[in-house]
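Colleague: Sequence first, predicted model second:
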Amino acid sequence: MKYLILLIPILIISTACTKTGEINPEVMIDNNTVLIDVRTKDEFKSGHLEKAINIPYTEIEEQIKLITKDTYKNIVVYCRSGRRSGIAQKTLMQMGYKNVVNGGGYKDLLKQQEQ
């Protein structure tokens, strides 16, 4: 019983928080969405989503304001697996961008767009 009482607040807090870096399996991409591929330039050249902009995740902080200064703009970041896009998402959110979604992996998003 003692452990249950200690566990309840932890469960409430953990379910109420959203995790930065978490991949959104149903990403909505429309004409107003800024789509950023955070992979390397070579990976981008080997294939990318239509209308995607390439900004490697290591350069996102320096380059984002060249794309949009609107901190309420819908932004979807993606990479190969979702790890680098999670880092980019966290960076952008720390900079004050409010609507940043980790789209996960390129191949997964490509399949989703084809459906």
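Modeller: Looks like it came in fine.

Colleague: Check the spacing between L92 and S46 real quick.
Modeller: Separation of L92 from S46 (CB to CB, to the nearest Å) stands at 24 Å. The way it works is simple: take the backbone N, C-alpha and C, and place the C-beta from them, glycine included.

Colleague: so N102 touches G86, yeah?
Modeller: Yes: counting by CB atoms under 8 Å, G86 is a contact partner of N102 at 5.1 Å.

Colleague: what about the two, which has more around it?
Modeller: Using other CB atoms under 10 Å, the more surrounded residue of N102 and G86 is N102, with 25 against 21.

Colleague: tell me what the particular helix or strand that has G86 in it is packed against?
Modeller: For G86, the host element (DSSP states H and E) is helix 83-94. If contacts are counted by 3 or more CB pairs under 8 Å, 6 or more residues apart in numbering; DSSP states H and E, helix 83-94 sits against helix 60-67, strand 75-79, strand 100-105.

Colleague: Pick the most buried one from the ones you listed.
Modeller: Most buried of those, by mean neighbour count (mean count of other CB atoms under 10 Å): strand 75-79, with a mean of 26.

Colleague: Please save the CA atoms from it in CSV.
Modeller: Presented in CSV, the C-alpha positions along strand 75-79 are these (Å, rounded to 0.1, in the frame of the first residue of the first chain):
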residue,chain,number,x,y,z
ILE,A,75,7.5,22.3,-38.4
VAL,A,76,8.1,18.6,-39.0
VAL,A,77,11.6,17.3,-38.7
TYR,A,78,12.7,13.8,-39.8
CYS,A,79,15.9,11.8,-40.3
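
Colleague: So, low pLDDT: which residues of this structure?
Modeller: 1-21, 23-26 (pLDDT under 70).

Colleague: and the nearest residue to Y72 once chain neighbours are set aside, what are its phi and psi?
Modeller: In this structure, Y72 finds its nearest non-sequential neighbour in K98, 5.5 Å apart by CB to CB, 6 or more residues apart in numbering. When read as degrees, to the nearest 10, the backbone of K98 gives phi -100, psi -30.
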